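>>> take this sequence and fold it.
(2 chains)
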Amino acid sequence: MNLERLRQLQPCLWTLPRAPGEERAQVLLYGSAPLLVSMDDKVLEQIANVASLPGLVGAAMTMPDAHWGYGFPIGGVAAFDAEQGGVISAGGVGFDISCGIRCLRSNLNLEDAVEHFPQLGKALFRAIPAGVGEEGEIKLNPEQLDQVMHGGAHWAVQQGYGTPADLDYVEEQGRVAGAIPENVSELAKKRQRGEMGTLGSGNHYLEVQVVDRIFDPGVALALGLHEGQILISIHCGSRGLGHQIGTDYLVLLAKAASRSGIHLPDRELACAPVKSPEGQQYIGAMNAAINCALANRQILTHLTRSVFTEIYPQAELETLFDVSHNTCKAETHQIDGESRLLYVHRKGATRAFGPGHPMLPERYRQVGQPVVIGGSMGTGSYILVGDSENPAFASSSHGAGRAMSRHQALARWKGRALVDELAQQGILIHTRSMRGVAEEAPGAYKDVDLVAEATEEAGLARRVAFLRPKVCVKG
DNA sequence: ATGTTC
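The predicted structure follows:
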């Protein structure tokens, strides 16, 4: 990205000035100069397109980890007011609806656990189905799948996967209202019947990590984190169900946009007014997929616990938090002193409520919502908490963010060599797809340290802990 | 992200 096209407002805040005659809302880009320089110009084009959609409130924004996506950039945040013709966009949520990260804290320390890492890695790899189209032990009939879509993580706990205490620390307390399984196609449901409790592919992973550095001891204490502690992060989404909903509704919403007279600068921005039959239909289907993803991560939490107690009989794993980063949520925000209901699209961006937010569990109310920036498998991840001054509709970065395409990564790295190299660094990778490993090469991602620094500098979220990867089951 | 190209 050529920074000369931008105007810098603050050290980590930039805007794209409008061209003469260009009619759109403001565009704001959060991030440091080195991060923005490495971004594709497509990010600018895409976020400017988003800023031209009807009913946008404030600015269309990108987070420090943004990169080129389908229609909307990944790392894009856009809020719409239904009362002002605001829209809902399938491309603004993404194909992997409610993809997110469940983070578990353990009572194990590195020195107690390290000896059995090879055994742990093998056992996790056996227990956690991963890869494209990979199915698990659970096969659901249509009625049970409807229950998943309504019940989310609550359904999973009722089935014996995990404990009610987990639910307190899952976004939305484990389920969203407003799911309408009838709005989900039979094909989408069919694809999901065997995919509950599976990781998927691409950048999805289950990673055993060690707390390597604490940035804020007070907040770390509130989050139950300390140096040397073993954590587990589970990154996955709504699998075939969410993907098929995305595919189905892109077509429907494109027609709806045309019928509603909405000009789409890019057909990938397919959207409909929130207050339209198609918009409402998509929201019902999307909420069903959100609950599916929450249930999926709950089941994987249970499977992870089973493996850990097999290897480490004394192990106890508690849910630290579960955050989605591909959603649209109806939320109340203060706009110029006025309380307004907005439809906040976060695509490759996490919610990041600051201290005192009423939707936070009691335990975290004083410190703010835990935010996870998932890194690449070779570098590390960050735990942060929402900043009370967050200027981006309570949104923050979600990961390191790709720095190059999968295609470019494949041309540059070989999966086997990467696995060997990482093993030398004490990071054990288990995968069915060496091609996937090459696509996910640590070097294909932005520097996660720069992303976390910029996230804090921009006032989006504050760093609490840095986690170093030790064992990784890769999708 | 994805029964990895309808």
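>>> which residues in the stretch 51-200 of chain A form helices?
Residue ranges of the helices in the stretch 51-200 of chain A, as given by DSSP state H, counting those that start in this stretch, are A:110-113, A:117-127, A:142-158, A:164-167, A:186-192.
>>> and the fourth one, how far out from the chain's middle?
Yep, that's helix A:164-167 we're talking about. 20 Å (C-alpha atoms, centre = their mean, to the nearest Å).
>>> on that earlier part again, tabulate the helices of the stretch 51-200 of chain A (JSON lines), appending mean neighbour count and distance to A:A25.
C-beta coordinates here come from the backbone N, C-alpha and C atoms, glycine included. As requested, the helices of the stretch 51-200 of chain A are exported to JSON lines (neighbours: other C-beta atoms under 10 Å; distance: least, C-beta to C-beta, whole Å):
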{"stretch": "helix A:110-113", "mean neighbour count": "16", "distance to A:A25": "48"}
{"stretch": "helix A:117-127", "mean neighbour count": "17", "distance to A:A25": "45"}
{"stretch": "helix A:142-158", "mean neighbour count": "21", "distance to A:A25": "33"}
{"stretch": "helix A:164-167", "mean neighbour count": "17", "distance to A:A25": "37"}
{"stretch": "helix A:186-192", "mean neighbour count": "18", "distance to A:A25": "33"}
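>>> nearest to A:H204, out of those helices?
helix A:117-127 (13.7 Å; C-beta to C-beta).
>>> show me what contacts the closest residue to A:T198 other than its chain neighbours?
Spatial nearest neighbour of A:T198, chain neighbours left out: A:P129 (4.2 Å); criterion: C-beta to C-beta, 6 or more residues apart in numbering. Counting by C-beta atoms under 8 Å, 6 or more residues apart in numbering, A:P129 makes contact with A:E135, A:G136, A:G197, A:T198, A:L199.
>>> and if we set it to 10 Å?
A:135-138, A:194-200, A:300, A:303, A:432, A:473, A:475 (C-beta atoms under 10 Å, 6 or more residues apart in numbering).
>>> still on that earlier bit, closest to A:N287 out of the helices of the stretch 51-200 of chain A?
A:N287 lies closest, by C-beta to C-beta, to one member of the helices of the stretch 51-200 of chain A: helix A:142-158, at 8.2 Å.
>>> biggest strand in chain A, by residue count?
Ranked by number of residues, the top strand in chain A under DSSP state E is strand A:461-474.
>>> angle of that strand against helix A:117-127?
80 degrees (axes from the mean of the first three to the mean of the last three C-alpha atoms, to 10 degrees).
>>> does strand A:461-474 reach DNA strand B?
No - using C-beta under 7 Å from any atom of the strand, strand A:461-474 stays clear of DNA strand B, coming no nearer than 10.0 Å.
>>> nearest spatial neighbour of the spatially most central residue of chain A, skipping sequence neighbours?
Central residue of chain A (C-alpha atoms, centre = their mean): A:H325, 2.7 Å from the mean position. Closest residue in space to A:H325, ignoring its immediate chain neighbours: A:H398 at 3.9 Å, by C-beta to C-beta, 6+ apart.
>>> over to A:P442?
A:G378 (3.3 Å).
>>> my read: the one you found touches A:Y445, true?
Yes - counting by C-beta atoms under 10 Å, A:G378 does reach A:Y445; the two are 8.8 Å apart.
>>> these two: which has the busier surroundings?
Comparing A:G378 with A:Y445 by other C-beta atoms under 10 Å, the one with more neighbours is A:Y445, at 24 against 20.
>>> the more buried one reaches A:G380, doesn't it?
No - when contacts are counted by C-beta under 10 Å, A:Y445 is not listed as touching A:G380 (11.1 Å).
>>> which residues are in contact with both of these two?
Residues touching both A:Y445 and A:G380 (C-beta under 10 Å, 6+ apart) are A:A400.
>>> could you report the neighbour count for A:A454?
Neighbours of A:A454 (other C-beta under 10 Å): 25.
>>> wait, what's in contact with it?
Going by C-beta under 10 Å, 6+ apart, A:A454 touches A:11-13, A:30-36, A:63-65, A:397, A:446, A:460.
>>> OK, contacts around A:E439?
A:E439 neighbours (C-beta under 10 Å, 6+ apart): A:201-203, A:402, A:405-410, A:413, A:415, A:433.
>>> ok, 6 Å please
A:R406, A:A409, A:L410 (C-beta atoms under 6 Å, 6 or more residues apart in numbering).
>>> the host helix or strand of A:L231 to helix A:117-127, inter-axis angle?
Counting by DSSP states H and E, the element that carries A:L231 is strand A:229-236. Interaxial angle, strand A:229-236 versus helix A:117-127 (the same axes, to 10 degrees): 30 degrees.
>>> can you give me the helices for the stretch 351-475 of chain A?
A:406-412, A:415-424, A:434-439, A:448-457.
>>> same deal with the stretch 201-350 of chain A?
Counting by DSSP H, counting those that start in this stretch, the helices of the stretch 201-350 of chain A are A:217-223, A:239-259, A:277-311.
>>> please identify the most buried of the ones you listed.
Counting by mean count of other C-beta atoms under 10 Å, helix A:277-311 has the highest mean neighbour count of the helices of the stretch 201-350 of chain A, with a mean of 24.
>>> ok, the residue of the stretch 51-200 of chain A found nearest DNA strand B - contacts?
In the stretch 51-200 of chain A, the residue that lies nearest DNA strand B is A:G200 (2.7 Å; C-beta to the nearest atom of the strand). When the contact criterion is C-beta under 6 Å, 6+ apart, the partners of A:G200 are A:C236, A:R239, A:G475.
>>> show me what from the stretch 351-475 of chain A comes close to DNA strand B.
Counting by C-beta under 7 Å from any atom of the strand, the stretch 351-475 of chain A sits next to DNA strand B at A:S433, A:G475.
>>> taking the stretch 351-475 of chain A, what residue is nearest to DNA strand B?
A:G475 (5.7 Å).
>>> right, and that residue touches A:E207 too?
No - with contact defined as C-beta atoms under 6 Å, A:G475 does not count as touching A:E207 (11.2 Å).
>>> which of those two has more neighbours?
A:E207 (27 against 24).
>>> distance of the more buried one from A:P34?
A:E207 is 26 Å from A:P34, where distance means C-beta to C-beta, to the nearest Å.
>>> same question for A:G94.
Distance from A:G94 to A:P34, by C-beta to C-beta: 26 Å.
>>> between the two, who's got more neighbours?
A:G94 (28 against 11).
>>> now that one. Nearest residue, chain neighbours left out?
A:N326 (4.1 Å).
>>> who does that neighbour bridge with?
For A:N326, the beta-bridge partners are A:K347 (DSSP bridges).
>>> tell me the confidence at it?
Note on A:N326: pLDDT of 98.
>>> this completes my enquiry, with thanks.
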